[in-house]
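K.L.:
please find the sequence and the predicted model below.
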Protein chains: 2
Amino acid sequence: MKNMIFKTLGMLVELDRIKKAQSIILKILKEKGRDKLYDLSGLSGGFLIKREDKDLLNTYICSAYFSEKVKELGLKHLGGEECVGFNRTSSAILSTILTLKPKKVVHYLPELPGHPSILRSCKLVNAEYFESNNINEILKRIDKDTLTIITGATMDLKVIDLNNFKIVIKKAKEENSIIFVDDASGARVRLLYNQPRALDLGADLVVTSTDKLMDGPRGGLLSGKKELVEKIYETGLKYGLEAQPPILAGMYRALENFSLERLKKAFERAKNIDLSKLDELNIKYEKTPTGFVIKKIVDNDEENLKKLVNTALYLLEYYGIITITALGAPGASKSLRIDLTSKDAERLDDEYIVNAVYESIIKVR
Amino acid sequence: MKNMIFKTLGMLVELDRIKKAQSIILKILKEKGRDKLYDLSGLSGGFLIKREDKDLLNTYICSAYFSEKVKELGLKHLGGEECVGFNRTSSAILSTILTLKPKKVVHYLPELPGHPSILRSCKLVNAEYFESNNINEILKRIDKDTLTIITGATMDLKVIDLNNFKIVIKKAKEENSIIFVDDASGARVRLLYNQPRALDLGADLVVTSTDKLMDGPRGGLLSGKKELVEKIYETGLKYGLEAQPPILAGMYRALENFSLERLKKAFERAKNIDLSKLDELNIKYEKTPTGFVIKKIVDNDEENLKKLVNTALYLLEYYGIITITALGAPGASKSLRIDLTSKDAERLDDEYIVNAVYESIIKVR
């Protein structure tokens, strides 16, 4: 699929798209201000630091200060005994595997494929790697030489079955296998399905992404048993994998700002949003757990991709709405996704959003 | 030495010191503002982002925008065809070695030992590693299977001999060995000795630290041949080693703010600063390339360490001067170093600094 889009749109067209979208954003920022931009991409890239944080970031004190703050709020968010910040979830995974040097890694997840950073890290330490969404295949492979990895929710927000989660943890505990949960978005999505936190279920380690369903910068927050977290962090420092103070400051403010109530409201809102106006357009759209997605505006595939991009650019220019379709890296999906979990979504009502999408499609079709 | 200090001061005393210094800084920030703090530690940890940068950091555009800005100014600073930001110099080194997977690494440096991140990265790819400051030992080991690493200046600012630098590059070129220069501080220190930039001397790749002799956050800036830099960056993205947008924003502003003239002035200032007032005190002090350092206040070693720490704390509380002695991590050297390359040093005259140190020593001795 990725290659198909590359071929269809071509690299130059892709770069032109990004350049154009960027210039529109800069123009809006300059002429109307940040308030007239609405990031509904679902990837906030938030950086909510305050004036006093910036003052601190210019002093030698900042590293110790923000590490403490992240630990304090991170422990509240994830549970555990010790909590530290990494540059990304991928680097927290790398650091964990470099530290534990397992002979084998068994990875249970609700849907294939697993995140590639796990397999890559395994290769560096010559660990045997097995991933599956079949619980029986998983259970028979866990023993004392295994690092057991569990993914709480996939990139598409497919959530793990709680019963299976518990069964894998029980088996790993019986076998004295260390349990590491990749809860990148799961640490928050799973709460919406009333699932307990990974560490409360008995995991030894959990990592989450501070830019997924919360307003933080890209980063990985690792929590769990003190002795393990400390060792993994020490490895991180050796290879340059830890989060730097400005990122820690952004994580801290995102954790402070995180509200499960707000997230619940967004999920409810996504459930209830009235999309019937779009039916007039004879397009292909569907709801997602966090909003909705438009996949087809016209039948011809190549033409459709171009129309989707143009719709997204129109939506940005005339309604200030930022989507992955307009700004995403070359090769990213061109389906027009509207995500209601971002903070900016709170400043827009459903009618404005649906109408903006409707009008933009009409204009470019 | 490090262990000795640990034993003498004890971990709890060390943590108490840091906590006390932090509370003094927070008090000054709150009551008097950032202007009354002067970071003369030589480790700026700067984060000079502007209001408009922060606005951008809250949008999906920020990654592409700041990558471009860092590239633009990074290429001016280091030369080269492509320039990217990493989370740290250590992670840029890791990414380079993971990408090139050399059979052998030969590392020439002005003084042993080399930075441990190089050896660690070599171990991950099973590369044979050899480091030396003996040029003949180096030359006979370079062949087509070698990655040649050259350190431009050590942590203590010991600078490479330019002639030897050229000889190693010539040999590596003859043997078709890729040349990677670790110019963490060297990219700036070497300019003061009228040495050319590493890439202008013929290196393929160079990395520098954005917090060393410039006002950036900790981070690694990698520049060089386009094809190589692109591959190394791609590896970095895979393992989570790249600099995130807030760090890129800080790097960009630090590069924009960098002035060789300012650095030259600091070096001249360090040469000329009049320390004769300190002679009255019967202490042991000496000049450094970037300032001066007080090593002994009293004869008894254990007593001396405590006095140095107390002097540093007094200097912070009553004169707002931040030093590593007061704020450094447990085990860091307790010699009282004053570094004049930091931006804050420009706001103080020599007399104020020398007098502050003088009075602080008198008070605590």
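P.N.:
Sure, I can see it.
K.L.:
and the residue of the stretch 201-350 of chain A nearest chain B?
P.N.:
Per Cβ to the nearest Cβ, the residue of the stretch 201-350 of chain A with the smallest distance to chain B is residue A:240, at 3.3 Å. Backbone N, C-alpha and C define where each C-beta goes, glycine included.
K.L.:
spit out the contact partners of that residue.
P.N.:
B:86, B:87, B:88, B:89, B:90, B:91, B:92, B:93, B:94, B:117, B:220, B:241 (Cβ atoms under 8 Å, 6 or more residues apart in numbering or on different chains).
K.L.:
restricted to helices, list these.
P.N.:
Judged by DSSP state H, the subset of the contacts of residue A:240 located in helices is B:89, B:90, B:91, B:92, B:93, B:94, B:117.
K.L.:
which among those are in contact with chain A?
P.N.:
B:89, B:90, B:91, B:92, B:93, B:94, B:117 (Cβ under 8 Å from any Cβ of the partner chain).
K.L.:
by neighbours, which of those wins?
P.N.:
residue B:92 (33 neighbours; other Cβ atoms under 10 Å in any protein chain shown).
K.L.:
need the strands for the stretch 201-350 of chain A, in chain order.
P.N.:
A:205-209, A:220-224, A:284-288, A:291-296, A:321-322, A:336-339 (DSSP state E, counting those that start in this stretch).
K.L.:
buried deepest among those strands, which one?
P.N.:
strand A:220-224 (a mean of 29; mean count of other Cβ atoms under 10 Å in any protein chain shown).
K.L.:
quick check on the closest residue to residue A:209 other than its chain neighbours: phi, psi?
P.N.:
Spatial nearest neighbour of residue A:209, excluding adjacent residues (Cβ to Cβ, 6 or more residues apart in numbering or on different chains): residue A:184 at 4.2 Å. When read as degrees, to the nearest 10, the backbone of residue A:184 gives phi -50, psi -60.
K.L.:
okay, now residue A:184: neighbour count?
P.N.:
The burial count for residue A:184: 28, using other Cβ under 10 Å.
K.L.:
the one 4 residues further on now?
P.N.:
Neighbouring residues of residue A:188 were enumerated by other Cβ under 10 Å; the total is 21.
K.L.:
quick one, phi/psi of residue A:61?
P.N.:
phi -80, psi -20.
K.L.:
test my guess that it contacts residue B:25.
P.N.:
Yes - with contact defined as Cβ atoms under 8 Å, residue A:61 reaches residue B:25; the gap is 4.9 Å.
K.L.:
now flag whichever of the contacts of residue A:240 is closest to residue A:135.
P.N.:
residue B:241 (33.8 Å; Cβ to Cβ).
K.L.:
tabulate the ones in helices among the contacts of residue A:240 (TSV), appending pLDDT and distance to residue B:65.
P.N.:
Listed next are the ones in helices among the contacts of residue A:240 as TSV, based on pLDDT from 0 to 100; distance: Cβ to Cβ, whole Å:
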residue	pLDDT	distance to residue B:65
B:89	95	23
B:90	95	26
B:91	97	22
B:92	98	21
B:93	98	27
B:94	98	26
B:117	91	29
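K.L.:
show me what the nearest residue to residue A:128 once chain neighbours are set aside bridges to in the sheet.
P.N.:
Among residues not flanking residue A:128 along the chain, residue A:104 sits closest, at 4.4 Å (Cβ to Cβ, 6+ apart). In this entry, residue A:104 is beta-bridged to residue A:128, residue A:146, by DSSP bridges.
K.L.:
my guess is residue A:104 contacts residue A:149. True?
P.N.:
No - contact criterion Cβ under 8 Å: residue A:104 and residue A:149 do not qualify, at 10.8 Å.
K.L.:
low-confidence ranges in chain A?
P.N.:
A:1-12, A:44-45, A:59, A:156, A:329-332 (pLDDT under 70).
K.L.:
are there residues contacting both of residue A:61 and residue B:25? Which ones?
P.N.:
Common neighbours of residue A:61 and residue B:25 (Cβ under 8 Å, 6+ apart) are B:322, B:327.
K.L.:
buried stuff in the helix or strand encompassing residue A:76?
P.N.:
Here residue A:76 sits within helix A:62-78, counting by DSSP states H and E. Neighbour counts over helix A:62-78 (16 or more other Cβ atoms under 10 Å in any protein chain shown) mark A:62-67, A:69-71, A:73-75, A:77-78 as buried.
K.L.:
just want the angle from that helix to strand A:205-209.
P.N.:
Counting by axes from the mean of the first three to the mean of the last three Cα atoms, to 10 degrees, helix A:62-78 lies at 110 degrees to strand A:205-209.
K.L.:
got the CA positions of helix A:62-78 in CSV?
P.N.:
Written as CSV, here are the backbone C-alpha positions of helix A:62-78 (Å, rounded to 0.1, in the frame of the first residue of the first chain):
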residue,chain,number,x,y,z
CYS,A,62,17.0,21.4,34.8
SER,A,63,17.9,17.8,34.3
ALA,A,64,17.5,16.8,38.0
TYR,A,65,14.4,18.9,38.4
PHE,A,66,12.4,17.6,35.4
SER,A,67,13.5,14.0,36.0
GLU,A,68,12.0,14.2,39.5
LYS,A,69,8.8,15.8,38.1
VAL,A,70,8.4,13.1,35.4
LYS,A,71,9.0,10.4,38.0
GLU,A,72,6.4,11.9,40.3
LEU,A,73,3.6,12.1,37.7
GLY,A,74,4.8,9.1,35.7
LEU,A,75,4.4,6.8,38.7
LYS,A,76,0.9,8.1,39.2
HIS,A,77,0.1,7.4,35.5
LEU,A,78,1.7,4.0,35.2
